[in-house]
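Engineer: Structure, please.
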Amino acid sequence: MQRAFLAIILTASLCGAFGQQTPQLVSRDQPYRLQPSDVLNLEYEYTPEYNQEATVEPDGTVRLKMVGSVKVAGLSLDEAAAAIKAKASVPLNNPEITLTLKDFVKPHFTVYGEVTRPGVYDIHGSVTVLQALALSGGVKDTSKQTQVVLVRKMNADIAEVKVINTKLMSSAQGAREDFDLRPDDMLIVPKSRLGKIEPYVRVASMGLTSLYGIQAIK
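Structural biologist: The predicted structure follows:
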């Protein structure tokens with residue numbers, strides 16, 4: 001198994017270490033951000049001949065009639081519409097467009113490390129940390145349950161990192177500490193005790209999705 005992701009957490013710090021205090025995870029609502037494989041429907045009010053359905057390519061762009069390629073990955077639907085309108089305004093005079101999301105990547109979370117079935121799982125309704133570990137087949141006897149790492153993407157550049165004690169969560173005293181996961185959350189169940197963990201990491205240079213190929217850390 002690989003140490004690469006753990007190395008990213010330990011070396012890509014933006015802020016100070018956890019110390020004696022555990023930072024609170026960001027929980028504010030954010031608009032959906034477009035990503036590869038999303039399907040968009042573009043309509044022009046006055047020039048319907050340019051209407052089309054387009055899929056976000058792996059490089060994060062959509063290829064549109066007359067407009068060409070537009071980078072939309074990481075943008076909200078409103079931001080993507082504004083970007084498309086700006087490019088369409090070159091051949092057209094102040095076009096009126098409507099951009100809708102026809103299909104999208106289903107919400108999911110990922111579990112790595114010392115679990116029976118590491119991988120990506122869809123979120124149906126609400127899924128707590130303990131439920132996520134159960135869905136992945138449960139933790140192995142070799143796992144370090146007191147230092148499970150949760151990585152939560154805050155925006156296109158930064159992810160928040162928190163060490164959680166799932167062994168305590170599993171007890172009667174700590175059951176109330178369990179909480180719901182959010183789409184794109186990553187749980188990493190290590191095999192051995194972790195060193196110093198930083199509360200924030202920069203992920204824009206690689207993208208969280210590029211880390212999904214790493215199966216586990218030890």
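
Engineer: the strands in the protein, which residues?
Structural biologist: 39-44, 52-55, 61-64, 68-71, 97-103, 108-113, 119-122, 148-153, 158-164, 186-189, 200-202 (DSSP state E).

Engineer: Of those strands, which is nearest residue 174?
Structural biologist: Smallest distance to residue 174 across these (CB to CB): 10.2 Å, for strand 158-164. Every C-beta, even on glycine, is put in place using the N, C-alpha and C of the backbone.

Engineer: circling back: Throw the strands of the chain into CSV and include mean neighbour count, mean pLDDT and distance to residue 32, thanks.
Structural biologist: CSV is the format used below for those (neighbours: other CB atoms under 10 Å; pLDDT from 0 to 100; distance: least, CB to CB, whole Å):
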stretch, mean neighbour count, mean pLDDT, distance to residue 32
strand 39-44, 18, 97, 12
strand 52-55, 16, 96, 16
strand 61-64, 18, 96, 16
strand 68-71, 15, 96, 17
strand 97-103, 14, 96, 7
strand 108-113, 23, 93, 14
strand 119-122, 14, 93, 16
strand 148-153, 22, 92, 13
strand 158-164, 19, 90, 18
strand 186-189, 23, 94, 19
strand 200-202, 18, 75, 22
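
Engineer: can you redo the ones you listed as a markdown table with distance to residue 30?
Structural biologist: Shown next, in a markdown table, are the strands of the chain (distance: least, CB to CB, whole Å):
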| stretch | distance to residue 30 |
| --- | --- |
| strand 39-44 | 19 |
| strand 52-55 | 23 |
| strand 61-64 | 21 |
| strand 68-71 | 19 |
| strand 97-103 | 15 |
| strand 108-113 | 16 |
| strand 119-122 | 20 |
| strand 148-153 | 10 |
| strand 158-164 | 12 |
| strand 186-189 | 17 |
| strand 200-202 | 16 |
